[in-house]
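# Build me a structure from this.
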Amino acid sequence: MVHHSSEATLSHAEVEFLDLMQHGDDFFRIELLRPAKSWYNKALKMNIETENVKQKIAECDRLLAIEIKVIKILVIIAAVLVTTCIIVF
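Residues are numbered from 1 along each chain as shown. Model (predicted):
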């Protein structure tokens, strides 16, 4: 009985799509959301599994929005601390 790898049955486009998704997933795993989203957008252009890709992009957007809120809060805290230090000293 001969076993064929699953990649042998995939088209070139499907292999390319899976590669793009894997890159996106790798970046997502280490919380590099902008590069992950970029890879997912490249995969989305291939029109394969678009709902899955759209969900991953939406998750990146959701986490990026949280990241932006945290950065804004940290900037406000830093400004308050600098202002306080200037007034005290």
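
# how many other residues sit next to the nearest residue to Ile57 once chain neighbours are set aside?
Nearest non-adjacent residue to Ile57, counting by Cβ to Cβ, 6 or more residues apart in numbering: Tyr40, 4.9 Å away. Heads up, the C-betas are built off the backbone N, CA and C, glycines and all. Applying other Cβ atoms under 10 Å, we find 25 residues neighbouring Tyr40.

# Just the pLDDT for Tyr40.
Tyr40 carries a pLDDT value of 98.

# quick one, what contacts it?
If you count contacts by Cβ atoms under 8 Å, 6 or more residues apart in numbering, Tyr40 has them with 20-21, 24, 53, 56-57, 60.

# For this protein, which residues score under the pLDDT cut-off?
By pLDDT under 70, the low-scoring segments of the chain are 1-8.

# Please enumerate the strands of it.
In the chain, no strands are defined using DSSP state E.

# by contact count, what packs against the top helix by length along it?
Counting by DSSP state H, the longest helix found in the chain is helix 50-88. Helices and strands touching helix 50-88, by 3 or more Cβ pairs under 8 Å, 6 or more residues apart in numbering; DSSP states H and E, are helix 12-29, helix 33-44.

# what sits up against the longest one?
Applying Cβ under 8 Å, 6+ apart, the contact partners of helix 12-29 are 7, 10, 33, 35-40, 42-43, 46, 48-49, 53, 56, 59-60.

# and the angle for that helix with helix 50-88?
Put simply, helix 12-29 runs at 30 degrees to helix 50-88, going by axes from the mean of the first three to the mean of the last three Cα atoms, to 10 degrees.

# residues of helix 12-29 that come out buried?
Buried residues in helix 12-29, counted by 16 or more other Cβ atoms under 10 Å: 17-18, 20-21, 23-24, 27-28.

# Closest to Lys69 out of these?
Phe28 (19.3 Å; Cβ to Cβ).

# separation between the closest one and Thr83?
Phe28 sits 38 Å away from Thr83, going by Cβ to Cβ, to the nearest Å.
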